[in-house]
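[1] Got a predicted structure here, sequence first:
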Amino acid sequence: MSTPHGGSAAAPSAFRLYGPRFQTAPTELYRQMRTRYGPVAPVLLDGDIPAWLVIGYRELHYVLSHPDLFARSSRRWNAWDRVPDDWPLMPMVMRSPTVLCSEGEEHRRLAGALNDALAGADQHEVRQYAVQAADRLIDGFCTGSKADLRADYAARLPAMVLGRLYGLDPARADVLADAMTTMIDGGPEARRAQQFLLKTMGELVAARRQRPGPDVVSRLLAHPADLGDQELVPNLVVLLGGGHQPTTEWLGNALRLMLTDDRFAASLTGARSSVREALTEVLWEDTPTQNYLGRYAAQDVELGGQPLRAGDLVLLGLAGANTDPRVSPCPGASPGRGNQAYLSFSHGEHRCPYPAQELAEIIAAAGVEVLLDRLPDVELAVGVGELQWRPSPWMRGLVALPVTFTPVTPLGGQ
Ligand code: HEM
């Protein structure tokens, strides 16, 4: 089953990690993978590039806890000779001086600086930014009687708040949000979008050097880790892109859950605690980052009964692991609403930084709460079955979330 260029290359029936099946029923696909291969499945990426997808909870936890065996840098990849320059997933594997690609001491230095820069944000201020941004977005559509809560709301709110934290104005943050979606989807425009983001961040760093302020960029510039421009710019793109996209899907998927599931109907009429419950349930059932690329085997190693070769690409099957029947015994029943043992933010030294997780939760919670306050009779404009998931094996989010409501007066303000 294994070859020098990735063990899955020879598996005749490896699952393709692209195409419409991911759109409709990924959970069913993970179930089939588990039945055929167990917790570690051979898969094929675009262009039939082989990789392993880890969908067992224990196995994924093991991978994430052993960076010595499953390392982060793509320089270890053994399939570089099979990848064309214009490979759609190139932005995900390209080497860059970022926290994502670095290992060991270098990673601790970069991750420490990003962590401190994010932790310096005042949580009350973040909440205020989020409420203001939510109100501004709702003002944009509340006089009509319908909206698409994904395009008009969830896909914009996180970038607007992160933009404020960077000191950007809302209009520029909006343009960045579009570019990030294009880059993360990995289509033919992905590389151009990445170039655009790099250029915009470069301009921002130059501006903050001249005039520092109470923002994330200025805190990074002043950090004792002493990041140079070559490191600062790509790491700012990672923060913005890595923060915006999953928070968009977290908010959108939570809104979907609350609008479609009777258990959450109470919060549409005011019971607040359900918002946090919905956010937690989404992390178990429809986690924003369903699969993540990834890790590289540092040596030949057996994982979940599969023989991995040094340099094999290992994908983090976060959604698959969260719904592993050994963790969640009956399908569809998440293991306890308060239980936070999901792997949605990953685990180990490369996990999503804690201050980032807190920021994301503040933004998503404010997004749901402000919307329900402003449009108390909001309801889905189509049948639940008509809602479509985006065709990405990486992110779990809706194409659109059309709703109707009684028109209300805009609040105005900033
Ligand atoms: C304000 C919003 C957010 C920011 C600024 C942010 C930032 C980051 C950063 C800097 C990393 C890289 C950590 C490292 O390699 O050391 C990261 C990783 C990650 N984040 Fe976040 N994030 C945000 C929201 C989210 C959300 C909402 C999710 C999903 C629920 C998420 C899931 C992940 C995952 C799965 C990783 C990969 C970790 C790994 O390689 O093991 N993030 N995030």
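    Thanks, I have the structure now.
[2] who in the stretch 151-300 of the chain is up against the ligand?
    Contact residues, the stretch 151-300 of the chain versus the ligand (CB under 6 Å from any ligand atom): Val238, Leu239, Gly242, Gly243, Pro246, Thr247, Trp250, Thr287, Pro288, Thr289, Tyr292. For every residue, glycine as well, the C-beta is placed using N, CA and C.
[3] Inside strands: which ones of those residues?
    Among these, the residues falling in strands (DSSP state E) are Tyr292.
[4] quick one: which of the residues of the stretch 151-300 of the chain next to the ligand has the most company?
    Among these, Trp250 has the most neighbours (other CB atoms under 10 Å), with 29 neighbours.
[5] Was I right to think it contacts Ile362?
    No: the pair Trp250 / Ile362 is not scored as a contact, 11.5 Å apart, by CB atoms under 8 Å.
[6] Can you tell me, leaving aside adjacent residues, what's nearest to the closest residue to the ligand within the stretch 101-250 of the chain?
    Using CB to the nearest ligand atom, the closest approach of the stretch 101-250 of the chain to the ligand is made by Gly243 at 3.0 Å. The spatially closest residue to Gly243, leaving aside those adjacent along the chain, is Leu162, at 5.4 Å (CB to CB, 6 or more residues apart in numbering).
[7] What is the burial count for that neighbour?
    Neighbourhood size, Leu162 [other CB under 10 Å]: 28.
[8] tally of neighbours for Phe15?
    The tally of other residues near Phe15 (other CB under 10 Å) stands at 21.
[9] Show the backbone phi and psi for it.
    With angles defined as degrees, to the nearest 10, Phe15 sits at phi -70, psi 140.
[10] Check whether stretch 351-360 comes into contact with the ligand.
    Yes: Stretch 351-360 reaches the ligand (CB under 6 Å from any ligand atom) through Arg351, Cys352, Pro353, Ala356, Leu359, Ala360.
[11] What's the separation between Ser392 and Thr182?
    Ser392 sits 12 Å away from Thr182, going by CB to CB, to the nearest Å.
[12] do Gly305 as well
    38 Å.
[13] can you pull out the strands in the stretch 1-150 of the chain?
    Applying DSSP state E, counting those that start in this stretch to the stretch 1-150 of the chain gives strands spanning 15-16, 40-45, 49-54, 70-71, 146-148.
[14] give me the low-pLDDT residue ranges for this protein?
    In the predicted model, the chain carries pLDDT under 70 at residues 1-12, 22-23, 181, 184-186, 266-273, 328-338, 413-414.
[15] residue nearest the centroid of it?
    The centroid of the chain falls nearest to Pro246 when counting by CA atoms, centre = their mean (3.0 Å).
[16] so what's the nearest residue to it once chain neighbours are set aside up against?
    Excluding the flanking residues, the one nearest Pro246 by CB to CB, 6+ apart is Pro288, at 3.9 Å. Contact analysis of Pro288 by CB atoms under 8 Å, 6 or more residues apart in numbering lists Gln245, Pro246, Thr247, Thr248, Glu249, Trp250, Asn253, Val282, Ser344, Met395, Arg396, Gly397.
[17] For the helix or strand encompassing Thr280, name the packing helices and strands.
    Per DSSP states H and E, Thr280 falls inside helix 273-285. Under the contact criterion of 3 or more CB pairs under 8 Å, 6 or more residues apart in numbering; DSSP states H and E, helix 273-285 touches helix 229-260, helix 265-268, helix 318-322, helix 354-374.
[18] Name the residues of the first one that come out as buried.
    Residues of helix 229-260 classed as buried by neighbour count (16 or more other CB atoms under 10 Å): 231-259.
[19] quick one, it and helix 354-374 angle?
    40 degrees (axes from the mean of the first three to the mean of the last three CA atoms, to 10 degrees).
[20] and helix 229-260 with helix 273-285, angle?
    Counting by the same axes, to 10 degrees, helix 229-260 lies at 110 degrees to helix 273-285.
[21] if we can go back for a sec, so the residue nearest to Gly243 makes contact with Asp174?
    No: Leu162 lies out of contact with Asp174 (CB under 8 Å); the separation is 11.5 Å.
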